[in-house]
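# Sequence plus the predicted model coming up.
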Amino acid sequence: MCLYSPVLRTMLCGSFRERCSRVASLEDVTSDVFQCAVDAWLGKVVNMLTVEKLVAVGVAADRFGMRSVCRGVETTICEAIAEDPAMIVEALNCCSVAPFEHLEDVALEAALDHFPSLCSSGAVLGASAGGLETLFASQGLHVDREEDLLELLQQWCARREGVDAHAEEAAACALQHVRFEAMDPDYLVTRACERFAGDMRDAVSARVAQALTEGHRGPAAPHRP
């Protein structure tokens, strides 16, 4: 253990109590995740794991100073995203907890490239609060109709209601990036507030009133300004 982890080497060979007991208690790390980190350090294949499990291995490796393992796990996830778009949203969701340098950029780029298919398959509805905010805030997000983006937000709110404590806050942040002024006036009046509730309904109503007051600017451009 001292060979592959400078953190464990310090614990077992330094002035800590583990030096006398020769036992290191690894809290908040399951045995299988730690074993995968060790296997990765030994050069064994770990790419058959799920994205969530790979991220857990990366977090453990980072905690114990196994930087080469952390970099290798990140590379494995990025390659998996390129080969299987179904993993994109899962990877994007993990970016806030993962100690990876490039994963968020890679996952976001892939999400933007595959955004229409992620929407049609419903996969994007599995985005976490952080993942949703990241997507909506991106200048590279492509939509044919701004109304579609608002309806996506409606569906996401309905799925997350009562499940995610941060859902309403994330939805409010995402709403700031929806361009109501590019929507059809009839849609704004008759449908924009549908299926929203509580504070979100009030926020949407306020944006609708603002768009109608300031005037309609026509269809949205493919990319956000």
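On my side now, so go ahead.
# Enumerate every residue touching the residue lying closest to S96 once chain neighbours are set aside.
Leaving out its chain neighbours, the residue that sits closest to S96 by CB to CB, 6 or more residues apart in numbering is G130, at 4.6 Å. Just so you know, the C-beta spots here come from the backbone N, C-alpha and C atoms, and that holds for glycine as well. Residues counted as contacts of G130 (CB atoms under 8 Å, 6 or more residues apart in numbering) are N93, C95, S96, A170.
# From A203, how far off is the residue nearest to the spatial centre of the chain?
Centroid-nearest residue in the chain, with CA atoms, centre = their mean: N93, separated by 2.3 Å. Separation of N93 from A203 (CB to CB, to the nearest Å): 24 Å.
# swap in A137?
A137 is 16 Å from A203, by CB to CB.
# what about this structure, any weak spots by pLDDT?
For the chain, the stretches with pLDDT under 70 are 1-27, 45-48, 215-225.
# Helices of that one, start to end?
6-13, 18-21, 31-41, 51-63, 67-83, 88-94, 103-113, 115-121, 129-137, 146-160, 167-175, 185-190, 198-214 (DSSP state H).
# quick one, which of the ones you listed is packed in tightest?
Among the helices of the chain, helix 88-94 has the highest mean neighbour count (mean count of other CB atoms under 10 Å), at a mean of 25.
# contacts for that one?
50-52, 55, 77, 80-81, 103-104, 106-108, 110-111, 114, 118, 123-124, 126-128, 130-131, 134-135.
# centre of the chain versus it, how much separation?
Here helix 88-94 is found 4 Å from its chain centre; the criterion is CA atoms, centre = their mean, to the nearest Å.
# Repeat that for stretch 146-165.
On CA atoms, centre = their mean, the centre of stretch 146-165 falls 15 Å from that of its chain.
# residues in contact with it?
Under CB under 8 Å, 6+ apart, the answer for stretch 146-165 is 119, 124-125, 127-129, 132, 136, 141, 143, 167-168, 170-171, 174-175, 178-180, 182-184, 187, 191-192, 194-196, 200, 204, 219-220.
# Extract the C-alpha trace of that stretch and format it as PDB.
Written as PDB, here are the backbone C-alpha positions of stretch 146-165 (Å, rounded to 0.1, in the frame of the first residue of the first chain):
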ATOM      1  CA  GLU A 146     -37.100  28.100 -27.800                       C
ATOM      2  CA  GLU A 147     -40.500  26.700 -26.800                       C
ATOM      3  CA  ASP A 148     -38.900  23.300 -26.800                       C
ATOM      4  CA  LEU A 149     -36.400  24.300 -24.300                       C
ATOM      5  CA  LEU A 150     -39.100  25.600 -21.900                       C
ATOM      6  CA  GLU A 151     -41.100  22.400 -22.300                       C
ATOM      7  CA  LEU A 152     -38.000  20.400 -21.500                       C
ATOM      8  CA  LEU A 153     -37.600  22.400 -18.300                       C
ATOM      9  CA  GLN A 154     -41.300  21.700 -17.500                       C
ATOM     10  CA  GLN A 155     -40.800  18.000 -17.900                       C
ATOM     11  CA  TRP A 156     -37.500  18.100 -15.900                       C
ATOM     12  CA  CYS A 157     -39.300  19.900 -13.000                       C
ATOM     13  CA  ALA A 158     -42.100  17.400 -13.000                       C
ATOM     14  CA  ARG A 159     -39.700  14.500 -12.800                       C
ATOM     15  CA  ARG A 160     -37.600  16.100 -10.000                       C
ATOM     16  CA  GLU A 161     -40.500  17.300  -7.900                       C
ATOM     17  CA  GLY A 162     -40.100  15.900  -4.400                       C
ATOM     18  CA  VAL A 163     -36.900  14.000  -5.300                       C
ATOM     19  CA  ASP A 164     -34.200  16.600  -5.500                       C
ATOM     20  CA  ALA A 165     -34.000  19.300  -2.900                       C
END
